[in-house]
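Colleague: Pasting the sequence and the predicted model now:
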Amino acid sequence: VQLVESGGGLVQPGGSLRLSCAVSGLSLDYYSVAWFRQAPGKERETVSCISSIDGSTYSASFAKGRFIISSDNAKNTMYLQMNSLKPEDTAVYYCTAGELCSDPDYWGQGTLVTVSS
C-alpha cells in the first residue's frame, strides 16, 4: 500500500493550496480517509476526515469554513483544498487511510506547507 502526497509548498497568507494523495494497493471505497498535520514543535492533529461507515465528514475547528476534504474513489485519490491560509497552518500534512478516521492504518510520507509572506 502506498499513499503519495503532492501539492505542498510555500504560499502567502490568504492564499490557497490543494493537496492531493494518490493511493495504490487498496480501494478507497472501503476505507476512511483523513488528513493530519504536524507543525514544528507541536503534536500531530487531525485536520479532516471522511468516514467509510456512513460517508460523514469531520473537520477540526480550525479547518471549518476554510479546508475541504474530498475523495475521488474512481481515481483512488483524496484531496484537501485549503483556502484563506494562515501562518499557523504551516505544518507537514499527511494523508491517511484506515478503518477508522481516528486510527489510520496507512500513512503517506507527508508534504510540507509553509504559509509566509
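Modeller: Structure received.

Colleague: quick one: contacts for the most centrally placed residue in the chain?
Modeller: The centroid of the chain falls nearest to residue 35 when counting by CA atoms, centre = their mean (2.7 Å). By CB atoms under 8 Å, 6 or more residues apart in numbering, residue 35 lies in contact with 19, 21, 46-49, 67, 69, 78, 80, 93-96. All C-beta spots, glycine's among them, are computed from the backbone N, C-alpha and C.

Colleague: which strand residues sit across from it in the sheet?
Modeller: Here residue 35 sits in beta bridges with residue 48, residue 95, going by DSSP bridges.

Colleague: residue ranges with poor pLDDT in the protein?
Modeller: Under the criterion pLDDT under 70, no range of the chain is flagged.

Colleague: Strands along that one, start to end?
Modeller: Under the criterion DSSP state E, the chain contains strands at 2-6, 9-11, 17-24, 32-38, 45-50, 57-59, 67-72, 77-82, 91-98, 106-107, 111-115.

Colleague: who's in contact with the fifth one?
Modeller: Looking back up the chat, that one is strand 45-50. By CB under 8 Å, 6+ apart, strand 45-50 touches 32-38, 56-60, 63, 67-71, 78, 80, 93, 101-102.

Colleague: can you do 7 Å?
Modeller: Strand 45-50 has contacts (CB atoms under 7 Å, 6 or more residues apart in numbering) with 32-37, 57-60, 63, 67, 69, 71, 80, 101.

Colleague: My read is that residue 81 contacts residue 68, right?
Modeller: Yes. Counting by CB atoms under 7 Å, residue 68 is a contact partner of residue 81 at 4.4 Å.

Colleague: What count of nearby residues applies to residue 117?
Modeller: When neighbours are counted by other CB atoms under 10 Å, residue 117 registers 8.
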